[in-house]
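**Student:** Kindly generate the corresponding structure for this input.
(4 chains)
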There are 2 protein chains.
Amino acid sequence: MTDRDDAVPALAEAFREHGFEGASLAQLSAATGLGKGSLYNFFPGGKDEMAAAVLANVDAWFTGNVFAPLRNATPGDADAIDAMFDAVVYYFRSGRRVCLQGAFALGRERDKFAATISGYFGEWIESLAAALRGAGVRDSEARASAAEAVAAIQGGIILSRALDEPEVFTQTVVRQRARLLSHFTG
Amino acid sequence: MTDRDDAVPALAEAFREHGFEGASLAQLSAATGLGKGSLYNFFPGGKDEMAAAVLANVDAWFTGNVFAPLRNATPGDADAIDAMFDAVVYYFRSGRRVCLQGAFALGRERDKFAATISGYFGEWIESLAAALRGAGVRDSEARASAAEAVAAIQGGIILSRALDEPEVFTQTVVRQRARLLSHFTG
DNA sequence: GTCTATACAGTGATAGAC
DNA sequence: GTCTATCACTGTATAGAC
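**Tutor:** From the prediction side, this is the model:
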């Protein structure tokens, strides 16, 4: 654990609150408690490298807490699906916390971090589809169903923030959880 | 029709491509073909007023092409639902075009345009729920089902852009359309 | 490694000539 | 009404003292 890694969570929160363009170096400096000089010492590439480090950190969290458990689930066992939704509710703070990859996908940042963003969502859908296939769902339906769940989560974040009603996100998760688990009861 | 209204569509595209913070006055000037002086003549409030005019313009389009048809649908008739999805696919260019209200909901712009954004999604959900109630769906389920559809559309835009696969959005619409129409076949 | 000082391009916005 | 010129300011990034 270097000091560089210690700064990443603070950077993440700053990017989530202000967006990539909206997060100025002054704010990033204040959020981390590091002077601009120190920030450029850890991230010579500037804001781009800071954002890349943040995205990689988020990806690592999801790999460990979501993607890998879905991949390693025993076929036909719904627990990994349940755990995924629990992790999602926790990570996105019931919809109050923005998904950086999702927010970046809507803006100019998409071009700059295209591979990372694509990889994040692609792996989420693929690992979830793998768990669904374990319940006997055929491949094309598993992928479509997985994409639908991931899209619903992303849309749930937007809606709950737009309406300022966290229950919208919670409800979205409840419904998607039930929908996916119904594959396992048959 | 004033020259002000003529500039709004060009401003909308600029905001969609670059985001609110990312769209500089130089770009807005280039997109509209108007000098900064002219822009400030039409929009004395600057960027904020331009964005507000764009959001109002989008809202008006949806009111005329989506919300009102849903409200005026004859109870039990699914045509308005079908028309909504057609309009959505057209408006969002099969997921290639960003939803400004959705993008703003994820950033700092949310605070500045809170009422407009909330009103847009609130009316979308309410008008869609009204059409579903016309098919005999009880109120709480109608609202939840409507919110799920709107969230899926927003998430579909994110996913299709993130993966650079318009088919993801198209598939989302296909599935949601089928899900909502199933209320009418009973 | 950390900070302060600074370079310099670009920002939103305004003034004023035409 | 339209543009150009300009304003004050903030942006990212760097240099250099400590």
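
**Student:** what does chain A put close to DNA strand C?
**Tutor:** Residues of chain A lying near DNA strand C by C-beta under 7 Å from any atom of the strand: A:3, A:33, A:34, A:35, A:36, A:37, A:38, A:41, A:42. In this view, the C-beta of every residue, glycine as well, is placed from N, C-alpha and C.

**Student:** quick one: contacts for residue A:62?
**Tutor:** Contacts for residue A:62 (C-beta atoms under 8 Å, 6 or more residues apart in numbering or on different chains) come out as A:91, A:120, A:123, A:124.

**Student:** now swap in residue A:178 and tell me
**Tutor:** By C-beta under 8 Å, 6+ apart, the contact set of residue A:178 is empty.

**Student:** Helix or strand for it, just tell me which one.
**Tutor:** Assigned by DSSP states H and E, residue A:178 belongs to helix A:166-185.

**Student:** in that helix, what counts as buried?
**Tutor:** Within helix A:166-185, the residues that qualify as buried are A:166, A:168, A:169, A:171, A:172, A:173, A:175, A:176, A:177, A:180, A:183, A:184, counting by 16 or more other C-beta atoms under 10 Å in any protein chain shown.

**Student:** Stretch A:26-44 too?
**Tutor:** Within stretch A:26-44, the residues that qualify as buried are A:28, A:29, A:31, A:32, A:34, A:39, A:42, A:43, counting by 16+ other C-beta under 10 Å.

**Student:** coming back round to it: give me the distance from the helix holding residue A:178 to the chain's centre.
**Tutor:** The chain centroid and the centroid of helix A:166-185 are separated by 17 Å, computed with C-alpha atoms, centre = their mean, to the nearest Å.

**Student:** Kindly export that helix (C-alpha atoms) in PDB.
**Tutor:** This file holds the C-alpha atoms of helix A:166-185, laid out as PDB (Å, rounded to 0.1, in the frame of the first residue of the first chain):
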ATOM      1  CA  PRO A 166     -33.700   6.400  -2.900                       C
ATOM      2  CA  GLU A 167     -36.700   4.100  -2.800                       C
ATOM      3  CA  VAL A 168     -36.800   4.100  -6.500                       C
ATOM      4  CA  PHE A 169     -33.400   2.400  -6.600                       C
ATOM      5  CA  THR A 170     -34.300   0.100  -3.800                       C
ATOM      6  CA  GLN A 171     -37.500  -1.000  -5.600                       C
ATOM      7  CA  THR A 172     -35.500  -1.500  -8.800                       C
ATOM      8  CA  VAL A 173     -33.200  -3.900  -7.000                       C
ATOM      9  CA  VAL A 174     -36.100  -5.700  -5.400                       C
ATOM     10  CA  ARG A 175     -37.800  -6.300  -8.700                       C
ATOM     11  CA  GLN A 176     -34.600  -7.300 -10.600                       C
ATOM     12  CA  ARG A 177     -33.600  -9.600  -7.800                       C
ATOM     13  CA  ALA A 178     -36.900 -11.400  -7.900                       C
ATOM     14  CA  ARG A 179     -36.800 -11.600 -11.700                       C
ATOM     15  CA  LEU A 180     -33.400 -13.200 -11.800                       C
ATOM     16  CA  LEU A 181     -34.100 -15.500  -8.800                       C
ATOM     17  CA  SER A 182     -37.200 -16.800 -10.600                       C
ATOM     18  CA  HIS A 183     -34.900 -18.600 -13.000                       C
ATOM     19  CA  PHE A 184     -33.700 -20.700 -10.100                       C
ATOM     20  CA  THR A 185     -37.000 -21.800  -8.600                       C
END
